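just a sequence and a predicted model for now, questions to come.
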Amino acid sequence: MSEQVKDFLVWVGGASYSRESLISEARRMGVCRRIPFVPEGLVRGVSRIFLISDMSDEDRKRYKEEIKRRDAVRYKQWKESGYTNDPTHVTGQMPRGTPTIFAYFVVRNVTYVVAPGVNITKRLKELGITEYEYAEGGFGFNDERECGSLVIGGVYLLSEEDIERVKHLTESGTLEGRIETLTAPYPYGDKRFRGIKAISTKMGDMLAGV
């Protein structure tokens, strides 16, 4: 991995988590965050992932209620058409809260989920990526997390040393998963994004209050 260390921003999707529920899960089992690629500047044990969300528990409750309302409107349209016409899409902005950088974790491992008998490539090994082998009915494949099961072929950032440590935390109930909440959550004014966005460690220090 690059010697020029960077920190990163990741947006937490409101479909799976509120800020409170993500922190609660992270304390229970650590963070296991899927990313589309391994970015330059990500260094295990040093790089920090700062988490952004526009959903508190109350915001997410309103969000879910609005989804139910829209589904009911669409079903009514379909019923009134005699179950023949496709219901129109219900438009309008979904209720959300204020985008906020609220917590972070240090990346202690990057792991790639593989099928039984499959090894990760030489390139991934050179990047320092470890592997976690799929096991039928094993840990990580039974919706232990609110966002669902691990995915074969997925690359995951871990706040813990490995997924075995995540499993141990989950089963022990010790609430020792590594996540740091910001004492002064920081409003995020830029556009919503997918994936992972690099920031300088200087900005990371500012966010973390270092």
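In hand now; what should we look at?

for residue 103, what are its contacts?
Applying Cβ atoms under 8 Å, 6 or more residues apart in numbering to residue 103 gives the contacts 19, 22-23, 26, 50-51, 179-182. Where C-beta positions appear, they are placed from N, C-alpha and C, glycine not excepted.

residue 20: how many residues sit nearby?
Residue 20 has 15 neighbouring residues, counting by other Cβ atoms under 10 Å.

how many neighbours does the nearest residue to it once chain neighbours are set aside have?
In space, residue 20 comes closest to residue 57 once its chain neighbours are excluded; the distance is 4.9 Å by Cβ to Cβ, 6 or more residues apart in numbering. Using other Cβ under 10 Å, residue 57 is surrounded by 10 other residues.

how about residue 113?
The burial count for residue 113: 22, using other Cβ under 10 Å.

for it, helix, strand, or coil?
Under DSSP: H, G, I helix; E, B strand; the rest coil, the three-state class of residue 113 is strand.

so how far is residue 53 from it?
Residue 113 sits 25 Å away from residue 53, going by Cβ to Cβ, to the nearest Å.

that older thread, can I have the buried ones of the contacts of residue 103 as a PyMOL selection?
Remark: buried members of the contacts of residue 103, expressed as a PyMOL selection using 16 or more other Cβ atoms under 10 Å:
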select buried, resi 19+22+23+26+50+51+179+180+182
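
let's see which of the contacts of residue 103 end up in strands.
Per DSSP state E, strands hold the following members of the contacts of residue 103: 50-51, 180-182.

so which residues of the chain form strands?
7-11, 32-35, 48-53, 100-106, 109-114, 130-133, 155-158, 180-187, 196-199.

now tell me which helix or strand of the protein has the poorest mean pLDDT.
Sorting the helices and strands of the chain by mean pLDDT, DSSP states H and E puts helix 122-126 at the bottom, at a mean of 87.

please spell out which residues along that one are buried.
Buried-residue list, helix 122-126, by 16+ other Cβ under 10 Å: residue 124.

report the distance from it to the chain centre.
From the chain centre to the centre of helix 122-126 is a distance of 24 Å (Cα atoms, centre = their mean, to the nearest Å).

how about stretch 40-53?
Centroid separation between stretch 40-53 and its chain, computed with Cα atoms, centre = their mean, is 13 Å.
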